[in-house]
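1. pasting the sequence and the predicted model now:
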Amino acid sequence: MPLVLFRLMDFTTATAPAWFVVVIAGVFTLLGAVTTIAGSWRNEKSRFNREVKHKYNEQVVEYGAQYIAAAMSIRELALKRINHTHDQFMEVLADEMTGVFDAFQKAREEWILVSPAKTSAEEKKLIETSTVLLVPVFNEVEISRLINEQTSAIGDFRNMIRKIRGLKPLRIASERALVNELSDDVMKIIVDYNARQKITP
């Protein structure tokens, strides 16, 4: 046994046979190739994951924005209840409700393709506050209150999308801007209605 250890310690590249040097060089070359391949694979996997996440974020934004736009179309239809009689609003509702609701349903189906498996509380609130606006049994005061509830639901849903993307929620100032936009819409409808009343003989 001591003789074997002595021979191993005395074994150097200078005294080793030619095949031994070739084998050692081949082993290190192979290890280097394996390391390079492993590194390339990790880089490709990271790049692929980034691309998948980027594509997913794009779809979340696209379908989420379409969902919000469809909900706001329902809001615009409900706004026509203001300064209109029940019969006048029923005529408008009969003409536009089917198209508006179908667009909302389509937007929801597309959102389901990219949304989390479980329906979120934010989406449930968006659905509830949007669909109730299509029920023609509310007066102007009630419609205004329901529109405010839907506006809040839209804001919560928007912030949920931002959370999915890893972004911070919008501040209150942004929600106030949305309320101001709502007020502008109401004023436009009132002005349009008054103008049509003056034209009508």
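-> It's in.

2. OK, contacts around the closest residue to residue 168 other than its chain neighbours?
-> Nearest non-adjacent residue to residue 168, counting by C-beta to C-beta, 6 or more residues apart in numbering: residue 162, 6.9 Å away. C-beta: built from backbone N, CA, C; applies to glycine. For residue 162, the contact set (C-beta atoms under 8 Å, 6 or more residues apart in numbering) comprises 168, 169, 170.

3. between those, which sits nearest residue 24?
-> Residue 24 has its nearest neighbour among the contacts of residue 162 in residue 168, at 56.6 Å by C-beta to C-beta.

4. helix/strand/coil for that closest one?
-> Following DSSP: H, G, I helix; E, B strand; the rest coil, we place residue 168 in the coil state.

5. and it, how far from residue 99?
-> From residue 168 over to residue 99 the distance is 36 Å, taken as C-beta to C-beta, to the nearest Å.

6. of these two, give the one with the bigger neighbour count.
-> Neighbour totals were compared for residue 168 and residue 99, and residue 99 leads with 11 against 8 (other C-beta atoms under 10 Å).

7. quick check: the gap between the residue nearest to residue 168 and residue 62.
-> Taking C-beta to C-beta, one finds residue 162 at 14 Å from residue 62.

8. what does residue 68 give?
-> Residue 68 is 11 Å from residue 62, by C-beta to C-beta.

9. neighbour count for the two, which is higher?
-> Taking other C-beta under 10 Å, residue 68 and residue 62 do not tie; residue 68 has more neighbours (18 against 13).

10. what residues are up against that one?
-> Going by C-beta under 8 Å, 6+ apart, residue 68 touches 154, 157, 158.

11. recalculate using a threshold of 6 Å.
-> Residues in contact with residue 68 (C-beta atoms under 6 Å, 6 or more residues apart in numbering) are residue 154.
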